[in-house]
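Novice: below is the sequence, then the predicted model.
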Amino acid sequence: MAAPRPFGIRSRFFVVVLAALGGLALADAAQSPESPSSSVAPPTPSGITSASALTETAAITPASAFTAASGAVSTPGAPGVAGMPPSTVTMHEAPKPASRAESKPESKAKSMAFEDRAMGVPSREMVRHAPSSMASSPLPPQHLVGGGSMSIAPPAPPPPPRYLPAAPENRDRFPQAKENPVKVTREEPVSTFSVDVDASSYTFVRRLINVGTLPPGDAVRVEEMINYFDYDYAAPESPHPPFLPTVEIFPAPWNSEKQLLLVGIKGYALAARDRPPAHLTLLVDVSGSMSPPDRLPLLRSAFAMMVNQLRPKDTVAVVTYASAVGVALEATPVAEKEKILAAIDALQPGGSTSGGAGIKLAYELAKKSFEPKGINRVILATDGDFNVGVSSVEELKKLIVEQRKSGVYLSVLGVGQNNYNDALMQTLAQNGNGVAAYLDNLNEARRVLVDNLAANLFPIANDVKIQVEFNPEKVAEYRLIGYETRLLNREDFNNDKVDAGEVGAGHTVTALYELTPPGSKSRRVEPLRYALEVKKEDKPPKVVPFATEYAFLKVRYKYPGKNESHLIEQEVDDKKVSDSLKSVPLEHRFAAAVAAFGLKLRGDAALGDFGYDGILDLAQQGKGEDPNGLRAEFINLVRSAKALERK
């Protein structure tokens with residue numbers, strides 16, 4: 001009798017196909033007396049007779065392991081298998097078909113487990129897909145092509161229809177603010193606003209684009225896009241004054257008929273030895289909405305990195321809030337770092353969100369460790385989903401304004417998406433004399449709490465306001481780019497009771513104005529019919545005051561803990577004007593590129609035909625040295641936004 005042909009890959013594939021189609025032809029062949037009774041089948045564990053089991057056996061067994069000989073045989077020429085030398089892979093003779101009553105799936109569990117390990121594949125429990133009812137109901141043995149026999153299950157029923165889960169409802173909330181309008185200089189020559197060192201808008205926009213979504217216009221605050229990046233402005237050599245202004249006028253990249261006025265300030269960088277002791281109270285949202293990996297788990301890692309940067313004399317306390325509030329850790333010196341890290345690691349989510357009560361408790365705890373000459377700060381970490389107790393924006397704003405009188409700062413770390421309350425985060429940080437940051441990944445957490453720890457924890461100036469008066473002889477129209485939520489009245493500039501933004505050690509702040517010179521074809525506002533005009537016969541005075549000045553800059557600030565403000569003044573004259581973008585410092589060109597990107601995302605009509613290609617070219621020109629890769633990342637972000645834009 002000739003040796004039966006080996007049961008190879010083609011044969012196994014043929015059997016699997018027949019099994020899926022019902023195996024009708026094989027059922028007839030099973031009754032044929034001509035079928036050889038002594039042929040060897042591929043090793044099939046006893047009791048596994050479903051179609052999925054057959055498929056599983058064919059998938060995990062190398063073709064070279066099947067032989068025509070009966071009994072257990074070695075395969076010296078077989079390929080190596082994970083964990084075993086090639087010469088030790090052993091196959092077994094196919095068992096005789098068991099009757100329906102005798103079939104037991106568990107009869108050779110140990111042998112099956114050994115075979116799985118020998119083949120280096122997952123366990124059968126991980127890959128089996130057929131219902132258990134099918135596996136326990138074998139059919140009579142069927143003859144295989146090439147010899148041997150195997151029990152075959154009836155075809156599996158078609159899978160139930162699959163439905164894609166509904167996309168989660170987007171409940172992100174942002175401040176509603178209209179873009180700043182164009183101002184006619186002769187009618188309104190003065191512009192006043194509070195500085196803004198926050199950068200949460202940029203990181204939120206980055207997250208959306210990186211997952212394939214262009215951001216809504218309200219999510220884009222252009223000044224925060226610009227201020228995400230550091231700029232190489234001149235810095236003071238001492239803390240008095242705490243910063244120096246940088247100003248320059250240069251052509252607007254998107255319109256040759258317009259100009260940009262850049263106003264930049266860079267804060268004095270405190271040396272580590274000069275930093276006052278920091279007393280931090282972490283107010284952590286542990287409600288049920290904080291369970292995803294990008295929320296509480298991310299915050300635990302972020303706070304651990306921050307603690308590692310603090311000094312032994314600094315202290316950390318932890319307050320948690322969900323359905324109820326509690327103190328997870330009293331103020332503890334960083335010298336006891338392991339105790340602090342253990343308290344952070346133990347934070348677990350669950351319950352609703354009683355944020356107002358948590359804020360009150362955090363301030364109370366911060367006051368216990370208050371040090372007049374130190375930094376006393378509450379750091380609120382949340383997705384902003386306050387839904388129990390004091391929860392409205394106005395109520396919380398009133399609470400924060402009252403609490404800041406104690407001298408304790410409030411900063412905010414936002415996390416999460418589809419439930420992120422950016423409007424609330426901005427309100428809390430702006431009224432709590434603190435910084436708002438959004439953490440979209442661990443790298444951003446490191447940037448905020450490690451690389452920029454000094455800037456975000458140690459203020460060098462409070463209530464910083466900027467006021468610019470434009471000369472109508474040089475500037476016909478102007479528009480402040482961004483800062484829509486930071487605008488102040490003209491009279492607020494000299495009112496020390498009006499709150500404004502803080503600047504931390506080493507922080508940079510940038511503001512851009514779009515200017516329209518007199519006689520420009522790009523003026524947006526037509527002159528008034530009855531406006532006063534200078535008659536030709538009226539001789540101008542021999543000396544025109546301030547004839548070379550475009551604008552006059554004022555910066556008002558207070559030293560931390562002080563109530564009296566100080567003033568910095570600087571004229572912006574012809575010497576600050578550049579006629580070509582090529583002569584403009586790289587820093588300024590990059591800032592203009594970021595501003596253009598923000599305006600593009602907001603759909604600003606002033607850009608005209610200046611699109612993503614122009615932004616990319618300008619950003620690449622101004623990239624300069626990029627030690628942290630943040631500017632390169634921005635360039636790639638612009639490319640992604642370009643690809644996502646629907647024509």
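Specialist: Looks like it arrived, so ask away.

Novice: when you work out contacts or count neighbours from here on, use the C-alpha atoms and nothing else.
Specialist: OK.

Novice: just for the stretch 451-600 of the chain, where's the confidence low?
Specialist: 532-544 (pLDDT under 70).

Novice: let me see the ranges of the helices in it.
Specialist: Along the stretch 451-600 of the chain, counting by DSSP state H, counting those that start in this stretch, helices occupy 453-457, 586-602.

Novice: what are the contacting residues of the strand or helix carrying Leu282?
Specialist: Following DSSP states H and E, one finds Leu282 within strand 278-285. Here strand 278-285 makes contact (Cα atoms under 8 Å, 6 or more residues apart in numbering) with 296, 314-322, 331, 353, 355, 358-359, 362, 365-366, 369-371, 374-383, 457.

Novice: if you set the cut-off to 6 Å instead, what comes out?
Specialist: 314-321, 374-382 (Cα atoms under 6 Å, 6 or more residues apart in numbering).

Novice: what are the pairing partners of it, and which direction each?
Specialist: Applying DSSP bridges, strand 278-285 is found paired with strand 315-321 (parallel), strand 375-382 (parallel).

Novice: any idea of the mean pLDDT in it?
Specialist: For strand 278-285, mean pLDDT is 96.

Novice: that older thread, pick the most buried one from the helices of the stretch 451-600 of the chain.
Specialist: Comparing the helices of the stretch 451-600 of the chain by mean neighbour count (mean count of other Cα atoms under 10 Å), helix 586-602 ranks first with a mean of 24.

Novice: buried sites along the helix or strand following that one?
Specialist: Scanning forward in sequence from helix 586-602 by DSSP H and E, the next helix or strand is helix 612-622. Going by neighbour count (16 or more other Cα atoms under 10 Å), the buried part of helix 612-622 is 612, 614-616, 618-622.

Novice: so the very next helix or strand once past helix 612-622 versus helix 612-622, what angle?
Specialist: Following helix 612-622 in sequence order, the next helix or strand is helix 630-644 (DSSP H and E). On the basis of axes from the mean of the first three to the mean of the last three Cα atoms, to 10 degrees, helix 630-644 is oriented at 170 degrees to helix 612-622.

Novice: need the strands for the stretch 351-500 of the chain, in chain order.
Specialist: Per DSSP state E, counting those that start in this stretch, the stretch 351-500 of the chain carries strands over the ranges 375-382, 409-414, 436-438, 459-470, 477-481.

Novice: and the buried residues of helix 612-622, which is closest to Leu413?
Specialist: Ala619 (28.5 Å; Cα to Cα).

Novice: look up how far Val222 lies from that closest one.
Specialist: Separation of Ala619 from Val222 (Cα to Cα, to the nearest Å): 15 Å.

Novice: also Thr427?
Specialist: 18 Å.

Novice: between these two, who's got more neighbours?
Specialist: Of the pair Thr427 and Val222, Val222 is the one with more neighbours under other Cα atoms under 10 Å, namely 26 against 19.

Novice: that one touches Tyr483, doesn't it?
Specialist: No - between Val222 and Tyr483 there is no contact under Cα atoms under 6 Å: 7.5 Å.

Novice: so how far is Glu633 from Pro627?
Specialist: 12 Å.
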